[in-house]
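>>> Sequence and predicted model, in that order:
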Amino acid sequence: MGLESSMKDNLEEKIKGLQFQIPRLNLTEKEVKVLTHQLELLQDMLEELDKIDVENWEPAVTFTRRDKI
Amino acid sequence: MKISDLTLAQASRDIRSGKLSPVDLAEAFFERIEKVNPRLNAYTMLLKKKALREAEGAEKELKKGKRRGSLHGIPISIKDNIWTKGFITTAGSKLLANWVPEHDAAVVEKLSNAGAIILGKTNLHEWAKGSSTLNPFYGATKNPWDLARVPGGSSGGSASAVAGSLCLGSLGTDAAGSVRMPASLCGAVGLKPTFGRIPHYGVVDGSGSWSLDTIGTLTKTSEDTAIMLEALAEPDERDKNSLGLPPLGKMNLNQDLKGITIGIIKDHFLDICAGEVKRGMEAAVKVFEKLGMTVDEAKIPHIRKAPFIWSTISRVEAWASHEKTVRTNPEGYSRGILTRILLGQFIGAHYYLKAQRARSILIKEFEDAFRKFDFMITPATPLPAPRIDEHESGYLDVDGKKVEVGGIYSFLARCTIPINLTGHPAVSTLCGFSKSGVPLGLQIIGKAFQETRLLAVSHQYEKATGYAKKHPSL
């Protein structure tokens, strides 16, 4: 699973897409590279999340919603 | 009066006995701030006129026998992402350079009602999103033990001000360790109470994280922390997460702790950790054993997943807070913070919920471990304070191994973020010094709502080691 395959195929294009969304970003080539690296890490992070079996677990949302409160 | 030797508790006792005047105390702190702050850049704004007026008011009340409590006349500071009515609150951002809140935060109200004297606002990492407090708009805050090193972040100004004896206590915010981590790097005591214990109303939106952030305290000792917490830990209807628990009252830190059990969590926390930090932990274990406590390893099966869970939640919440401003005014952010916030849009809603579901697993595993152990301990930071140039290079050295400062999360926060996920109270306290002479921090984690027992452990540990009596020479 993880990110969609199109995103995996071209992370750099995805980052360059941000520039079209927000023209005033003015991303430099160096920043595009840094963001692409960060997006790779983010993809790995989501793959790690996918390895956790969360079946039958409800979202925590906040600690204070626990029963004993 | 030697200010660097003074603790909040001692000052409180001296004010009560009439030995110390609140006006003299406030003036002495402003004199020291004038001398030392240009080197530390811990404060970004001083409230001198207001503070001296309030100190005079406190002195008059005390002379009439109207003592409000242990904080009456005590000089403290406030992290600059916490609202102060009528005074600029920047959250470390140039976007808020001229923003003046119309109300005080609940915690500022509580401190004022308790008679504390607010000296000023302390520097922070831009939008409280980072571990160095090298702020591009308000300057770099320095570590009082070594001016070439970072104080940690994001409450770096508060930690630097406390450790540098520029106030007797400070308020910070902690969504990833932003109180405990700088406390560890600066040799202060940093408390993140149970989620919801201290009302969060009046923290600048976007400078924390809705489901992870807690206001906390920074002081020189755990005894000082207890005094601040007694004044702050009250329910507040303006914060929907505020616990409906009664005030803590006078906290007994000298309770008998013999026979209690402490669990060391080694997985994740010691996976990438400097040898001298590990040795600090080992020395702390010996102290706990001498105090009559038993120590054994605690297992949290999903602990190594904590950074992924935390980062997913934190990034989505950051993007949700900042999206509108990023789209309309990207120039208002430093490039580093801007690019970090932008990536949150690539995480889908299902992943956010998956992370919150995984968070429930982690909470359950901590609760299970707390059936066996009364407390758990870990290092507070994987490293002592890094040099500023090293931090700016983007890589940190862990005994010869290079690690990224900020991959999917801030490396310096790797020991503190799991506890933001679980909501348990945790305190960072000094457990020794590195070869280069900067502090090492120990994190003690308590059961939910048991801040009094938690601070009793750290207080008795501090008394046994004497580390809290050491101060940087400035």
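Perfect, I can see it now.
>>> Give me the contacts around the helix ranked longest in chain A.
Criterion DSSP state H: the longest helix present in chain A is helix A:29-50. Contact partners of helix A:29-50, identified using C-beta atoms under 8 Å, 6 or more residues apart in numbering or on different chains, comprise A:1-3, A:7-8, A:11-12, A:14-16, A:18, A:27, B:305, B:307-309, B:311-312, B:315, B:335, B:339-340, B:342-343, B:346-347, B:351, B:354-355, B:358, B:407-408. C-beta coordinates here come from the backbone N, C-alpha and C atoms, glycine included.
>>> So which bits of that helix are buried?
Using 16 or more other C-beta atoms under 10 Å in any protein chain shown as the test for burial, helix A:29-50 gives A:31-32, A:34-36, A:38-39, A:42-43, A:45-46, A:48-49.
>>> for stretch A:22-30, same thing?
A:22, A:25, A:27.
>>> hey, C-alpha coordinates of it in PDB?
C-alpha atoms of stretch A:22-30 as PDB (Å, rounded to 0.1, in the frame of the first residue of the first chain):
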ATOM      1  CA  ILE A  22       0.800  28.200  -5.000                       C
ATOM      2  CA  PRO A  23       2.700  30.300  -7.600                       C
ATOM      3  CA  ARG A  24       4.200  32.600  -4.900                       C
ATOM      4  CA  LEU A  25       6.100  29.600  -3.400                       C
ATOM      5  CA  ASN A  26       9.000  30.200  -5.800                       C
ATOM      6  CA  LEU A  27      10.600  26.900  -5.000                       C
ATOM      7  CA  THR A  28      14.300  26.700  -6.000                       C
ATOM      8  CA  GLU A  29      15.800  23.600  -7.600                       C
ATOM      9  CA  LYS A  30      17.500  22.800  -4.300                       C
END
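>>> before we move on, the earlier item: filter the contacts of helix A:29-50 down to the ones in strands?
Of the positions in those, not one sits in strands, assigned by DSSP state E.
>>> what's the neighbour count on residue B:244?
9 (other C-beta atoms under 10 Å in any protein chain shown).
>>> What helix or strand is the nearest residue to it once chain neighbours are set aside located in?
Nearest residue to residue B:244 in three dimensions, chain neighbours excluded: residue B:235, at 5.3 Å (C-beta to C-beta, 6 or more residues apart in numbering or on different chains). Counting by DSSP states H and E, no helix or strand carries residue B:235.
>>> how much space between residue B:235 and residue B:342?
Computed as C-beta to C-beta, to the nearest Å, the residue B:235 to residue B:342 distance reads 37 Å.
>>> between those two, which one's more packed in?
residue B:342 (27 against 15).
>>> didn't the more buried one look like it was pressed against residue A:18?
Yes. Between residue B:342 and residue A:18 there is a contact under C-beta atoms under 8 Å: 6.1 Å.
>>> Pull up the overlap in contacts between those two.
Joint contacts of residue B:342 and residue A:18 (C-beta under 8 Å, 6+ apart) are A:25, A:35.
>>> With pLDDT added, can I get the buried residues of helix A:29-50 in a markdown table?
Putting the buried residues of helix A:29-50 into a markdown table (pLDDT from 0 to 100) gives the following:
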| residue | pLDDT |
| --- | --- |
| A:31 | 91 |
| A:32 | 90 |
| A:34 | 88 |
| A:35 | 91 |
| A:36 | 91 |
| A:38 | 90 |
| A:39 | 91 |
| A:42 | 92 |
| A:43 | 91 |
| A:45 | 93 |
| A:46 | 95 |
| A:48 | 94 |
| A:49 | 96 |
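>>> of all those, which comes closest to residue B:284?
residue A:48 (30.8 Å; C-beta to C-beta).
>>> Could you give the number of residues near residue 17?
I went with chain A, as the question did not name one. Neighbour number of residue A:17 under other C-beta under 10 Å is 11.
>>> that's the wrong chain, I wanted chain B
8.
>>> what's the answer for residue B:87, then?
Around residue B:87 there are 18 residues (other C-beta under 10 Å).
>>> likewise residue B:27?
Neighbour count for residue B:27, taken as other C-beta under 10 Å: 16.
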